[in-house]
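>>> Need a 3D model of the sequence below.
(2 chains)
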Protein chains: 2
Amino acid sequence: MALIVQKFGGTSVANIERIRSVAKKVKEELDSGNQVVVVVSAMAGTTDQLVNWVKEVSDIENNEQGAEYDSIVASGEQVTSGLLALTLQSMSIKAQSWLGWQIPIKTDNVHSKARIKNIDVKLLKEALKNGEVVVVPGFQGVTDYGRISTLGRGGSDTSAVAIAAALKADRCDIYTDVDGVYTSDPRRVPEARKLNKVAYEEVLEMASLGAKVLHTRSVEMAMKHHVPTQVRSSFSDAPGTELVEEEEVLERRLITGIAYSRNDAQVTLVGVKNAPGVAAAIFGPLTDAEINVDMIVQNVSESGKQTDMTFTVQENELKKAVSELEKVKKKIGYKSIITADNVAKVSVIGVGMRSHSGLAQMMFKTLSDEDINILVISTSEIKISVLIEEQHLEKALRALHTAYGLDGK
Amino acid sequence: MALIVQKFGGTSVANIERIRSVAKKVKEELDSGNQVVVVVSAMAGTTDQLVNWVKEVSDIENNEQGAEYDSIVASGEQVTSGLLALTLQSMSIKAQSWLGWQIPIKTDNVHSKARIKNIDVKLLKEALKNGEVVVVPGFQGVTDYGRISTLGRGGSDTSAVAIAAALKADRCDIYTDVDGVYTSDPRRVPEARKLNKVAYEEVLEMASLGAKVLHTRSVEMAMKHHVPTQVRSSFSDAPGTELVEEEEVLERRLITGIAYSRNDAQVTLVGVKNAPGVAAAIFGPLTDAEINVDMIVQNVSESGKQTDMTFTVQENELKKAVSELEKVKKKIGYKSIITADNVAKVSVIGVGMRSHSGLAQMMFKTLSDEDINILVISTSEIKISVLIEEQHLEKALRALHTAYGLDGK
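Next up is the predicted model:
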């Protein structure tokens, strides 16, 4: 008897008919003699509707407002978890929904992007022992103050993996509307192939870099706790992609995938004084405002006394970032801010990079051959990212996919 | 400084614009130097949508299913309370939403029609003292098992009055889409007039008998705890109707109003053995199944050995009632069950009935003059109800409104 955690995303529970299909997938595992915990997202579109209402009345500028935001948006998962529990009950399967505060799933107090601190598995274990299916709304937890928190968009993946880790589940199956992890986005790169296995670290980079596979934190958590995780389709029985340790990726390959993101915005501070502490003066206030800064490039001018600082932030945080920087203009002593949001970030990812040189050069040459200008470059051990003009995105993806030998046959 | 509890129904919070209007009404009370607790319903239509989803997957036949139902439908109020708190915050008013389990509002364990047992006012009092507006989702509480419960449709009125009672509020204002309590339903009786004051007991009968003014339990609670309650319109500043003690109703009148209900269904058990204990045998199982039985009439046949038992139940509980009765057919020993749901209950209500005779006779004569057949009669100290065929409803209402001298000038 294995313990399986199944997670179903918004399109998988988009209506009653699909919730019934989910219930059938749960039943299949039960019929195989397994115990099942199911984590569900809100019905597709629900969270957007709730967020839009919030936006109509508030800008969510502080944590107090974030608490109300969380209480509002968490309701979507509350509904689907109850509906799935009822559907299972109507199939004579013992089932109960467990809200974040009922378990409880304890998080920190940073509303709208809370982190899970602890999951109390006592009640869940009792329920499982009692032969019940445990249905958990994803995305939500509860703070020490007893208020509902949410983990940020896509947080249901994290809920699923965290519960799998806490319960020491034998498998965590992430059901989604794609049937696995691909070498690139099949909608933009027709030659993209599904990967059978992918290293946690690779999929982590892919997720961080914009591939809409899994929520970043869920992969971090799966990696940290060695949770056997699988990405598979809600709408077929085809095998998905397994997330495994690096050494388990048998297929030899240099590059695993090419990811992209269109949610970045470029910020350049022109004429920054080139003096010690200037980076801290710039990025300190952004950190305090919980704005994530990504690629950073510093260009020293000829005189050496002034520099331009370029970096990227999430597009939806651009306004806030600029406003924070304007507050400290005097202190930093820059001349002006230039921003651009018609940019895209393209990244090539692969653990093979650790042992092979020349992979960055292939990227630069390929883009150069396509006449695509690189705005910013950023590298890490297993990825290279470049910022380019958004209009060249598709051309860049396809050229790179071919250049790195990823095209399917 | 007075403490005011304001309650806004579904149409008053139906969209963001109306939630803003609610926030303005809250601000008016604050500007007058008062403390405010606001109780809100779900956006109009939301609860119906949620209930429909539940019906698609389940019949809600037991309390375990009821628990999931409650968790699902309570989400509607969770959303509006958060949105109102955010709206107030965006007006620089300190505000926080407090869900049923966060306060907590403790109820019994009868899901989907729970009763409030206790409201812990400690945290709310602190918040009020701290200058905050307390926003509470109506309709919901939490059981001893830590599961979300709901008070039955219209339960937000009860939430408001219960909170007003627990906090010893100076006033409880129930804002709704009508501007007060009328002598009858203005949509069916054009001559209906708004009442300035009405006795708790009268409005209690009206509510029990189908007038959609206030949730029955809310009136019971207001009466029991002497909560000064007012029904008024969300969409105007006109004074509403005050609920007062019987002796405070200054205006001399015999009959206060005429209510009706179309939600009743008639059940007749034909050929019941006329023996001691038969009523208990019939109504025991219905009580156990938590089916409310209303008007009861027993007709002894000529032989005296057999009787027909006629009673009414809520239309939506008819199926369940019949099924329960079929289970005990042998034990009760009846011949057959006849049911009818094309019936309506019409009731005349007034504390004046206590001291005046002949008021029932006026009802029977008026209906007789209109050629309307009376199916069942039921009376209490301050009301007379009759069951008639639904097709005659409007005619009956108007004739009675005129006969009892209620028509406006």
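>>> Using PDB, write down the CA coordinates of the lowest-mean-pLDDT helix or strand in chain A.
Averaged element by element with mean pLDDT, DSSP states H and E, chain A has its least confident helix or strand at strand A:293-300 (a mean of 80). Extracted C-alpha coordinates of strand A:293-300, given in PDB (Å, rounded to 0.1, in the frame of the first residue of the first chain):
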ATOM      1  CA  VAL A 293      15.300  41.800  -8.800                       C
ATOM      2  CA  ASP A 294      16.600  39.300 -11.400                       C
ATOM      3  CA  MET A 295      19.400  40.000 -13.900                       C
ATOM      4  CA  ILE A 296      21.800  42.700 -12.900                       C
ATOM      5  CA  VAL A 297      24.400  44.300 -15.100                       C
ATOM      6  CA  GLN A 298      26.700  47.200 -14.200                       C
ATOM      7  CA  ASN A 299      28.500  49.200 -17.000                       C
ATOM      8  CA  VAL A 300      31.300  51.400 -15.900                       C
END
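>>> For the closest residue in space to A:Ser21 that isn't next to it in sequence, the count of nearby residues, please.
Using CB to CB, 6 or more residues apart in numbering or on different chains and skipping the chain neighbours, the partner closest in space to A:Ser21 is A:Ser234 (7.1 Å). Where C-beta positions appear, they are placed from N, C-alpha and C, glycine not excepted. When neighbours are counted by other CB atoms under 10 Å in any protein chain shown, A:Ser234 registers 21.
>>> What residues of the least confident helix or strand of chain A count as buried?
A:293-295, A:297 (16 or more other CB atoms under 10 Å in any protein chain shown).
>>> Pick out the residue of the stretch 201-350 of chain A closest to chain B.
Nearest residue of the stretch 201-350 of chain A to chain B: A:Lys320, at 16.5 Å (CB to the nearest CB).
>>> Distance of that residue relative to B:Val249?
Here the criterion is CB to CB, to the nearest Å. By it, A:Lys320 lies 59 Å from B:Val249.
>>> And those two? Which one has more around it.
Shown here are A:Lys320 and B:Val249; by other CB under 10 Å, B:Val249 has more neighbours (20 against 17).
>>> Alongside chain B, which residues does the stretch 1-150 of chain A contribute?
Residues of the stretch 1-150 of chain A lying near chain B by CB under 8 Å from any CB of the partner chain: A:16, A:19-20, A:50, A:53-54, A:56-59, A:64-65, A:67-69, A:71-72, A:74-76, A:78-79, A:81-83, A:85-87, A:89-90, A:96-97, A:99, A:101-102, A:146-148.
>>> Pull out the buried members of the residues you listed.
Buried among the residues of the stretch 1-150 of chain A next to chain B by 16+ other CB under 10 Å: A:16, A:19-20, A:50, A:53-54, A:56-58, A:64-65, A:67-69, A:71-72, A:74-76, A:78-79, A:81-83, A:85-87, A:89-90, A:96-97, A:99, A:101-102, A:147-148.
>>> Keep only those of those residues that are in helices.
Of the positions in these, A:16, A:19-20, A:50, A:53-54, A:56-57, A:64-65, A:67-69, A:71-72, A:75-76, A:78-79, A:81-83, A:85-87, A:89-90 sit in helices, assigned by DSSP state H.
>>> pLDDT weak spots in chain A?
A:250-252, A:300-304, A:409 (pLDDT under 70).
>>> What's the separation between the residue nearest in space to the middle of it and B:Gln361?
With distances taken as CA atoms, centre = their mean, A:His215 lies nearest the centre of chain A, 2.6 Å away. Going from A:His215 to B:Gln361 by CB to CB gives 73 Å.
>>> One more: A:Thr216?
Taking CB to CB, one finds A:Thr216 at 78 Å from B:Gln361.
>>> One more: A:Leu88?
Distance of A:Leu88 to B:Gln361, given as CB to CB: 58 Å.
>>> And those two? Which one has more around it.
Neighbours were counted for A:Leu88 and for B:Gln361 using other CB under 10 Å; A:Leu88 has more, 29 against 10.
>>> Quick check: nearest residue in space to the more buried one, chain neighbours excluded?
A:Ala95 (3.7 Å).
>>> Would you check that that neighbour makes contact with A:Val133?
Yes. Counting by CB atoms under 8 Å, A:Ala95 touches A:Val133, with 4.1 Å between them.
>>> Spell out which residues are contacts of both of the two.
Residues touching both A:Ala95 and A:Val133 (CB atoms under 8 Å, 6 or more residues apart in numbering or on different chains) are A:85, A:88.
>>> what's the neighbour count on A:Gln35?
Using other CB under 10 Å, A:Gln35 has 22 neighbouring residues.
>>> and the next element down the chain from whichever strand or helix holds A:Ser156?
Assigned by DSSP states H and E, A:Ser156 falls within helix A:155-166. Next helix or strand after helix A:155-166 toward the C-terminus (DSSP H and E): strand A:171-176.
>>> just checking, what packs against that following strand?
strand A:3-8, helix A:155-166, strand A:229-233 (3 or more CB pairs under 8 Å, 6 or more residues apart in numbering or on different chains; DSSP states H and E).
>>> Pull out the buried positions in the second one.
Put plainly, it is helix A:155-166. A:155-166.
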